[in-house]
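# Have a look at this prediction, sequence included:
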Amino acid sequence: MVKESIILSEDEYCSDFSDDFELNPTNKQYDEFNETGAFEKDDIDHCDNSNDEVHDVRDGEETNRLGSIIMSQTQHQTQQQQQGLDTLSVLSRVKFELSREYTFFSLHDLNHTPGTNTEEQKCCVINVQKSFAPTGIFVVLFRCAWLAVTIVDIALDHTLLHLKYLTELTLTLTLTYQILGLFLSLSASFDCLKTTRFSAANLCYQPVETSMGEICEPGIIVRIVWFLYGLCVVSELVVMIGYWAFIYEGDAISFDNLYKHLFIGFIVLFDGNVVGRIPVRCKHVSLFVTFGICYMLYTVYYSYFQLNGDGVLYSALDWRNDFHSAIVIASIFVISGPLAFSFCWLCSSWSRWCTFDCRRRFYHGEVSYKELGGEDII
């Protein structure tokens with residue numbers, strides 16, 4: 001006859017059988033519970049046949065307390081090990097993305113599983129369509145509504161001369177990202193486009209290369225969307241910080257002001273991390289650094305050549321009349337970029353329970369990192 005097993009928790013065992021079976025730290029049955037957390041049915045039958053023995057309720061309570069201590073210590077050790085793996089995963093991913101062999105728009109992604117062996121390091125390939133061109137009626141409606149709000153906001157008060165301001169310049173770049181992102185979602189969502197050159201199969205084709213020496217990058221449209229997202233999400237956050245810290249003077253707050261200097265930064269972040277799954281790479285920090293340095297040089301040129309009469313683009317960046325203050329503001333501007341980028345990178349890598357192992361991303365395939373020709377990460 002096959003032995004039938006009944007799984008009992010420690011509390012159930014102590015409450016139901018403390019009158020029939022003596023538990024203590026040296027008892028065979030308690031040792032089995034301490035090791036496996038389960039009792040066989042024969043053990044329970046043994047409890048039923050021990051009615052003639054005198055039992056002490058305090059022994060059961062002591063056993064319950066000792067079992068709880070053991071379980072608590074085990075959980076604490078498990079949490080410490082998991083925290084170590086999460087930290088190791090973040091450091092490994094940073095080193096992986098900054099390696100020389102890793103291209104700027106590479107779809108390879110390091111997926112570190114628990115363990116320290118090279119064979120356990122997995123290099124996955126990002127799913128292009130799900131990450132950059134999410135489908136569904138709610139996705140299309142969200143992106144259409146967001147695009148409409150941005151267009152209306154720009155149409156109300158926007159000219160080419162306003163592009164000299166960082167807010168308007170960044171908003172124009174974000175608008176371009178919105179148009180291309182919506183275009184990709186439409187091409188992937190509707191069957192009428194699947195037989196044309198604008199189909200998701202053409203725009204979001206999935207590379208199949210599995211060698212680190214070969215290029216594993218998406219098409220040109222997806223790369224443009226990727227480039228714009230990496231630049232816009234950081235720029236919008238820096239605009240938000242800079243405006244409320246140095247530009248805002250307590251004037252009346254309108255929706256237009258809130259949208260351009262607060263809402264849109266978080267909406268871009270939401271679109272890239274929740275609506276889609278656009279990965280942010282460590283090398284992408286160079287996008288904003290280059291953009292920020294170029295814009296600071298433009299403000300110097302604008303001030304010293306006194307464009308627009310007085311040459312003052314922002315009162316906090318008056319290079320001719322208050323050079324030292326302008327240097328401080330420019331330094332804060334350049335430094336805030338990498339800080340904002342770090343926040344965006346963590347959001348891109350974030351998974352449940354505050355871990356950063358990129359498990360929320362969509363992958364197309366998985367091969368071992370050693371097979372890709374990579375060196376040991378850890």
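Alright, I've got the coordinates. Residues are numbered from 1 along each chain as shown.

# and Ser351, how many neighbours?
14 (other CB atoms under 10 Å). All C-beta spots, glycine's among them, are computed from the backbone N, C-alpha and C.

# One more: the one 3 residues further on?
When counting by other CB under 10 Å, one arrives at 9 neighbours for Cys354.

# Tell me how far it lies from Leu203.
Distance of Cys354 to Leu203, computed by CB to CB, to the nearest Å: 35 Å.

# next one: Gly265
For Gly265 relative to Leu203 (CB to CB), the value is 27 Å.

# what does Val90 give?
32 Å.

# neighbour count winner among those two?
Leu203 (24 against 18).

# Now do the buried residues in the helix or strand harbouring Arg223.
Remark: Arg223 resides in helix 220-242, with elements defined by DSSP states H and E. Residues of helix 220-242 classed as buried by neighbour count (16 or more other CB atoms under 10 Å): 221-222, 225-242.

# Show me what that helix is packed against.
Judged by 3 or more CB pairs under 8 Å, 6 or more residues apart in numbering; DSSP states H and E, helix 220-242 is in contact with helix 128-132, helix 166-189, helix 264-270, helix 285-304, helix 323-349.

# Give me whichever of these is most buried.
Mean neighbours per residue, mean count of other CB atoms under 10 Å, is largest over those for helix 128-132, with a mean of 23.

# Low-confidence stretches in the stretch 251-378 of the chain?
Within the stretch 251-378 of the chain, the stretches with pLDDT under 70 are 365-378.

# how much space between Arg360 and Leu141?
Taken as CB to CB, the span from Arg360 to Leu141 is 22 Å.

# the more surrounded of these two?
Arg360 (14 against 10).

# Specify the local secondary structure of that one.
Following DSSP: H, G, I helix; E, B strand; the rest coil, the label given to Arg360 is coil.

# Quick check: it touching Arg277?
Yes. Taking CB atoms under 8 Å as the definition, Arg360 is a contact partner of Arg277 at 6.5 Å.

# As JSON lines, the helices and strands packed on helix 220-242 with distance to Phe96 would be great.
As requested, the helices and strands packed on helix 220-242 are exported to JSON lines (distance: least, CB to CB, whole Å):
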{"stretch": "helix 128-132", "distance to Phe96": "18"}
{"stretch": "helix 166-189", "distance to Phe96": "26"}
{"stretch": "helix 264-270", "distance to Phe96": "23"}
{"stretch": "helix 285-304", "distance to Phe96": "15"}
{"stretch": "helix 323-349", "distance to Phe96": "12"}
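
# what's the closest of the ones you listed to Ile154?
helix 166-189 (6.6 Å; CB to CB).

# what's the angle between the closest one and helix 285-304?
In terms of direction (axes from the mean of the first three to the mean of the last three CA atoms, to 10 degrees), helix 166-189 departs from helix 285-304 by 150 degrees.

# could you say what helices and strands helix 166-189 packs with?
helix 128-132, helix 137-156, helix 200-203, helix 220-242, helix 264-270.

# how does it look with 6 Å?
The contact analysis (3 or more CB pairs under 6 Å, 6 or more residues apart in numbering; DSSP states H and E) places helix 166-189 against helix 137-156, helix 200-203, helix 220-242.

# Taking their axis directions, that helix and helix 137-156 sit at what angle?
Helix 166-189 runs at 150 degrees relative to helix 137-156, counting by the same axes, to 10 degrees.

# now helix 166-189 and helix 220-242, what's the angle there?
Relative orientation of helix 166-189 and helix 220-242, computed by the same axes, to 10 degrees: 140 degrees.

# what number of residues lie near the spatially closest residue to Leu184 that is not a sequence neighbour?
In space, and not counting its chain neighbours, Leu184 is closest to Ala133: 3.7 Å by CB to CB, 6 or more residues apart in numbering. By the criterion of other CB under 10 Å, Ala133 has 24 neighbours.

# The one 3 residues further on too?
The number of residues packed near Gly136 is 12, by other CB under 10 Å.

# Once you drop chain neighbours, what's closest to it?
Closest residue to Gly136 apart from its sequence neighbours, by CB to CB, 6+ apart: Ser189 at 6.9 Å.

# can you check Thr172 too?
With CB to CB, 6+ apart as the criterion, Thr172 has its nearest non-adjacent residue at 6.5 Å, and that residue is Leu163.

# Let me know whether that neighbour touches Leu169 as I believe.
Yes. With contact defined as CB atoms under 6 Å, Leu163 counts as touching Leu169 (5.2 Å).

# could you say which helix or strand contains Asp109?
For Asp109, the host element (DSSP H and E) is strand 108-112.

# Could you pull up the mean pLDDT of that strand?
Averaging pLDDT along strand 108-112 gives 68.

# Against Val152, how distant is Ala252?
To Val152, Ala252 is 20 Å away according to CB to CB.

# who's more crowded, these two?
Val152 (11 against 5).

# Need the pLDDT of the more buried one.
Looking at Val152, its pLDDT is 92.

# now swap in His76 and tell me
As predicted, His76 sits at a pLDDT of 49.

# try Asp86
What the model reports for Asp86 is a pLDDT of 44.

# same deal with Arg100?
Residue-level pLDDT assigned to Arg100 equals 84.

# Helix, strand or coil: sort out it for me.
Secondary structure, three-state DSSP: Arg100 is coil.

# Can you tell me how far it is from Lys283?
11 Å.

# Those two - which one has more neighbours?
Set Arg100 next to Lys283 and count neighbours by other CB under 10 Å: Lys283 wins out with 16 against 5.
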